[in-house]
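[1] A structural model of the following input is requested.
(3 chains)
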Amino acid sequence: MARRYWLMKSEPSAFSFNDLLDSPRNTDHWDGVRNYQARNSMQEMTKGDRVLFYHSSTAPPHVVGIAEIAREAYPDHTAFDEKSKYYDSKSSPDNPRWFMVDVRAIKKLPTIVPLADLKANPKLAKMLVVQKGQRLSVQPVTAAEYTEVLRMAGASAR
DNA sequence: GCCAACGTTGGC
DNA sequence: GCCAACGTTGGC
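    Modelled structure (predicted):
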C-alpha cells in the first residue's frame, strides 16, 4: 500500500517533539485520542506512514518535526484505567472503543513552520490545519502538502 | 485569559 | 430525533 501522510497535534507542554526524540528508540505510543474522526484516521494508518508533528497551544503554533508510524492501531489501554484522565467506562479490553499507534521521531525540521506561514501559502489552502475552527488532533495530509511543508522548512523530502 | 468553533450529552 | 447545555480545543 502506498505510504500516506498525516498531521498529529500535541501541546509541547504535555508532550513535545523533543520528548519523542528522547524516548527509547525515538518511539512512543500516542494515547488519549478521544475523538472518533481522529480515531478513524489512526485506524487507517499503516507502518511507515509519515507524520508532521505539530505543536499546538503554543506561540506560534507550528510544525516542528517529521515522524513515522512505527506500530499500527491497537487498543488504547489508558481508556481501561480508572485512574487515567483518559478513562472511558464504555471502552473495555473485550470491546475497545479507543485506539493508539506508536510513533517514531525521524528528524527535527531545519526550521519550524509556523501556522501563519501555512495559512499564507496558497498551495496549502485546502490543508485541514489551516481551516478556521478545525481542531482535529489527527488529520490526513496529501503527499503534495507534505512535500510543500518540508520544502518550507528547508528539509528534503524522503 | 478570552472566546469561537465544535463535539458530546442528555432531557424531552 | 431534536436541540440546548455543557465541556474542550486551540488560536489569538
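
[2] show me where chain A has strands.
    Per DSSP state E, chain A carries strands over the ranges A:5-10, A:27-29, A:50-55, A:62-75, A:99-114, A:138-141.

[3] want to try JSON lines for those strands, with mean neighbour count as columns?
    No exception for glycine: its C-beta is placed from N, CA and C like everyone else's. JSON lines is the format used below for those (neighbours: other CB atoms under 10 Å):
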{"stretch": "strand A:5-10", "mean neighbour count": "21"}
{"stretch": "strand A:27-29", "mean neighbour count": "17"}
{"stretch": "strand A:50-55", "mean neighbour count": "24"}
{"stretch": "strand A:62-75", "mean neighbour count": "20"}
{"stretch": "strand A:99-114", "mean neighbour count": "19"}
{"stretch": "strand A:138-141", "mean neighbour count": "20"}
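
[4] Tell me which of those lies nearest to DNA strand B.
    strand A:138-141 (11.3 Å; CB to the nearest atom of the strand).

[5] Nearest to A:Ser92 among the strands of chain A would be which one?
    Nearest to A:Ser92, of all these, is strand A:62-75, at 9.3 Å by CB to CB.

[6] Make CSV out of the strands of chain A and add mean pLDDT and distance to DNA strand C.
    Putting these into CSV (pLDDT from 0 to 100; distance: least, CB to the nearest atom of the strand, whole Å) gives the following:
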stretch, mean pLDDT, distance to DNA strand C
strand A:5-10, 98, 5
strand A:27-29, 97, 17
strand A:50-55, 98, 7
strand A:62-75, 97, 9
strand A:99-114, 97, 8
strand A:138-141, 96, 9
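
[7] so how far is A:Lys123 from A:Thr111?
    Between A:Thr111 and A:Lys123 the computed distance is 18 Å (CB to CB, to the nearest Å).

[8] I should have written A:Ile69 there, sorry.
    25 Å.

[9] same check, this time on A:Pro75
    For A:Pro75, the distance to A:Lys123 equals 38 Å [CB to CB].

[10] Kindly report the same for A:Asp49.
    Going from A:Asp49 to A:Lys123 by CB to CB gives 21 Å.

[11] quick one: stretch A:115-129 near DNA strand B?
    No. Judged by CB under 7 Å from any atom of the strand, stretch A:115-129 stays clear of DNA strand B, getting no closer than 10.4 Å.
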